[in-house]
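1. give me a 3D structure for the following:
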Amino acid sequence: VQLQASGGGLVQPGGSLRLSCAASGFTVADYDIGWFRQAPGKEREGVSCISSVDGSTHYADSAKGRFTIYRDNTKNTVYLQMNSLKPEDTAVYHCAAGGVRLFLPSYSYWGQGTRVTVSS
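-> All right, here's what the predicted structure looks like:
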């Protein structure tokens, strides 16, 4: 089981990025997939997740209205579209599989992370 996160980079406030989480060794549709982030000096926190059962999505309050998580089963990839980015979104973003909602300790499989920097 492997997860490969990509798509991070440097973006100005108000800009957009799309993160990708490509899976191998398993089918993303069979697992809940979550996006988490860790800012410098802070604990890792949940951002968004998508259910394997019905495709329902959940967002942290900080992400609601700005981020969208979705899944492309043909590419076995989960995406996180991030719009209206703010400096406080700066963090390393990780995708994870096998957990429940945004309950971080429940996730078994983790990708290596992709860095997002929001700065002018």
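2. gap between the most centrally placed residue in the chain and Arg18?
-> Most central in the chain under Cα atoms, centre = their mean is Trp35, positioned 2.6 Å from the mean C-alpha point. Distance of Trp35 to Arg18, given as Cβ to Cβ, to the nearest Å: 12 Å. Just so you know, the C-beta spots here come from the backbone N, C-alpha and C atoms, and that holds for glycine as well.
3. between the two, which contacts overlap?
-> Leu80 (Cβ atoms under 8 Å, 6 or more residues apart in numbering).
4. how about the helix or strand hosting the residue nearest to the centre of the chain as CSV, C-alpha atoms only?
-> Taking DSSP states H and E as the criterion, Trp35 maps to strand 33-38. Extracted in CSV, the C-alpha atoms of strand 33-38 (Å, rounded to 0.1, in the frame of the first residue of the first chain):
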residue,chain,number,x,y,z
ILE,A,33,-9.2,8.9,2.3
GLY,A,34,-8.2,11.9,4.3
TRP,A,35,-6.1,14.9,3.8
PHE,A,36,-4.2,16.3,6.8
ARG,A,37,-1.8,19.1,7.3
GLN,A,38,1.0,20.1,9.6
